[in-house]
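Enquirer: A structural model of the following input is requested.
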Amino acid sequence: MSWLREYVPVTVPTRELADRLVISSCEVDGIETRGVVDVDGNLALFRVGRVLEAEKHPNADRLQLCRVDVGEGDARQIVCGAWNFGAGATVGVALPGAVLPNGLQLEQRKVRGEVSDGMILAEDEVGLGTDHTGIMVLENGIEPGTPLADVLPLVDEVLVLETGHNRPDLLAVYGIAREVAVLYDLELAPPPGNDPARDGAERVDVQIKDFEGCPRYVGRLFRDAKIDESPLWLKARLLGAGMRPISNIVDVTNYVMLALGNPLHAFDFAKLAGGRIVVRRATKGETLRTLDGVVRELEPYDLMIADGERSVALAGVMGGEETEIGEATTDVLLEAANFEPYTIFRTSERLRLRTEGSNRWEKGVDPYLAEQAAKLATELIVQLTGAKWTGDADVHESLPERPVVRFRPQRTDAVVGIETPPDQQYELLRRLGFEVEGEAVTVPTWRARDVTREIDVVEEVVRFRLEDVPARLPLRQAMFGRLSKVQRIRRKIQDTLVGFGFSEAYTWSLLADDPDPDAVRLQEPLSSEQAVLRTSLLQGLIAAARRNVDVGNEGVALFELAHVYLPSGQDLPDERWHVGGIADGGFALAKGAVEGLYTALGFEASFEPASELPAGSRGARTPDGWVLALREPDLPGEWGAFELDVESLAARAPELVIYEDVITYPPVRQDLAFTVPEDVSAGDLVDAAKDAAGDELREMRAFDVYRGDQVGPGRKSIAFSVAFQSPERTLTDEDAAELRNRIVERLRDAFGAELRA
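Expert: Numbers count the residues shown, from 1 in each chain. All right, here's what the predicted structure looks like:
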């Protein structure tokens, strides 16, 4: 918040600001308080002190016994374990009763026999850094007793923000300040950073071989830099933003990135072969050891920063170890560039190397921002390292033009439902950086990627009026459209299976592997467990059933209605709707569910033996899929499963179901058993019998299959329950006998069937 207030003078409570940002700009995940707790006068117990005396503790070789003036007249005696200061130093002091950020409350106590009446502070003890090797030595001239909070940022609030993927401008404090200035009608400070005077006119050799990947490269050369720790204010801001301070040069690059949103990088200029920078794609077989010490194998699409001999950085992702800034560095080359988003995203994803820089580049950083970032970094490098700015290069082709979009204020009113005067709309847009001339709106460079249509401009106005929109649903005036046949079939399937006692499951579309060797594999999978697009629902349903069994559930019956992704031979797979089910109860239960589903959809099920089934199980196929007896070691008991193609079911389902009057005449029921060759299926016999007997054969259901000596080798006996019935009269025994004879004759001629009974 202290950083934000440098750019916009916002004074409202932080909670109120967070609530308004959530509505207008971005999500606020939380508000954190950093540093010393400012309650019950605690902050007043932290003061500036001047060390009057500093001598070795009489009873401890590693301790100093100090007398410190804290503005109270009498000096306080304090025991300190640091030796990086002496008499005359200006330091920070916490008095007895003070509560440190870690919750420790100080008290007067004896240390090795000597009274210690307070604490001389190190930076980590007040949340301003991570160093505990020495105490903080402040600038001389500060009056003893001055509140330490007037000198150092002891207390700060931090907004934890979650920005949208299409708003890289909000990944910067200045970008948030622009939003706040519009929210509260406040004056926005100019972008930070002004070029200091140049101390030379050295040539900086920068060559871009791929302007598509790198539209712009600003390089600046600094001589005689002194690498050291950053000042406390800079460390505190980096820590507040979740970054670790490293050294003044590196910290400046991170600070500028956080301030303006343009990532920077710094090279040890002496380690650049030929003193050159070349932006190019990687060569075949090239490798780079990055700053994390890992040797990276490069691909030809990786964008590289190279010198006269080899690559020295993965552009936009991470620098190379060989040109890293170190304690011995004196000459620094600063990179303030612009990189094409997809190139950086592709490299970062492949290498699993996510950095603060890559996160911004892949969202699309404003190419016009590089120059301002270079100015702020130059100002800070000269100020904090004592370096001389001696060289400059700004290499680019034509930068993208700002989009011009047609905009009508009345369109905003129609979308939001409340009126906003046109002048107020234009003023909001101007404060956001848009230029307005009549119906033409020129988009600022930092929004050029996501504001390209009139409705995008409308959104810019609307998001600052949302608090004024009444919370009510619009009145529906009319309703159009109807469900397609496939949609109706999908709903019918869901309702039917739920009625059968199945519960709907949702499983992963991505699997570790798939039985189909041609299944589509992702080029850049999120993990090895999510690398292949599923071609069947079975694996997911088995895993879901296993989890239910593991937690003790009984009578598990699950179904899923979802997409599978079948190989098509093209770039994209054939994406189809499937319905699959798994049930504790074996093949009969799964087959019964399929038969009932077919009946609900208005046509009969037919099955035929199948040898090639998922998981190597036994089962049958239908014209639309399969049903099987599942053999799964981790699922105890008998399990059945099925999977059907929904679009195939929809194609077979009748558009119109025709009512048939209920037959009131009684049926004649008989059992018929036929011996047939082994390869003849029961379904084939039923189809032939219906063709022979006509509509008066109302039912023919197989209920037993026998193989043995009585029927001979290569043959089997199938027993059927048969019902003859007429809608016009009661059938006699003679009528039933005639129908039976017609069936027997047809099956004998077609399949060599013999009637056993």
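Enquirer: buried residues in stretch 176-189?
Expert: With burial defined by 16 or more other C-beta atoms under 10 Å, the residues of stretch 176-189 counted as buried are 176, 177, 178, 179, 180, 181, 182, 183, 186, 188. Using the backbone N, CA and C atoms, a C-beta is placed for each residue, glycine as well.
Enquirer: again with stretch 722-742
Expert: 722, 723, 724, 725, 726, 731, 736, 739, 740, 742.
Enquirer: quick check: the two most widely separated of the buried residues of stretch 176-189?
Expert: 176 and 186 (12.7 Å; C-beta to C-beta).
Enquirer: the stretch 51-200 of the chain: helices as residue ranges?
Expert: 173-183 (DSSP state H, counting those that start in this stretch).
Enquirer: now residue 754. Nearest residue, chain neighbours left out?
Expert: residue 675 (4.8 Å; C-beta to C-beta, 6 or more residues apart in numbering).
Enquirer: quick check: phi and psi at that neighbour.
Expert: Phi and psi for residue 675, reported as degrees, to the nearest 10, are phi -100, psi 130.
Enquirer: count of neighbours near the spatially closest residue to residue 342 that is not a sequence neighbour?
Expert: Nearest residue to residue 342, sequence neighbours excluded (C-beta to C-beta, 6+ apart): residue 362, at 7.5 Å. Using other C-beta atoms under 10 Å, residue 362 has 24 neighbouring residues.
Enquirer: got a list of what residue 362 touches?
Expert: For residue 362, the contact set (C-beta atoms under 8 Å, 6 or more residues apart in numbering) comprises 341, 342, 344, 345, 348.
Enquirer: could you dump those residues to TSV with pLDDT and neighbour count?
Expert: What follows is the contacts of residue 362, written out as TSV (pLDDT from 0 to 100; neighbours: other C-beta atoms under 10 Å):
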residue	pLDDT	neighbour count
341	95	17
342	94	13
344	96	28
345	94	18
348	94	21
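Enquirer: tell me the contacts of residue 118?
Expert: 68, 70, 76, 78, 93, 94, 95, 96, 106, 108.
Enquirer: wait, what's in contact with the first one?
Expert: Read that as residue 68. Residue 68 touches 49, 50, 51, 52, 75, 76, 77, 78, 91, 93, 118, 120, counting by C-beta under 8 Å, 6+ apart.
Enquirer: and it, how close does it get to residue 121?
Expert: Here residue 68 is placed at a distance of 11 Å from residue 121 (C-beta to C-beta, to the nearest Å).
Enquirer: can you list residues touching both of these two?
Expert: Common contact partners of residue 68 and residue 121 (C-beta under 8 Å, 6+ apart): 91, 93.
Enquirer: which of the contacts of residue 68 has the most neighbours?
Expert: Of all the contacts of residue 68, residue 49 has the most neighbours under the rule other C-beta under 10 Å, reaching 30 neighbours.
Enquirer: and it, that's in a helix?
Expert: No - counting by DSSP: H, G, I helix; E, B strand; the rest coil, residue 49 is not found in a helix; it is strand.
Enquirer: I'd guessed it sits against residue 95; true?
Expert: No - using C-beta atoms under 8 Å, residue 49 makes no contact with residue 95, being 9.5 Å away.
Enquirer: shared neighbours, these two?
Expert: Common neighbours of residue 49 and residue 95 (C-beta under 8 Å, 6+ apart) are 70, 76.
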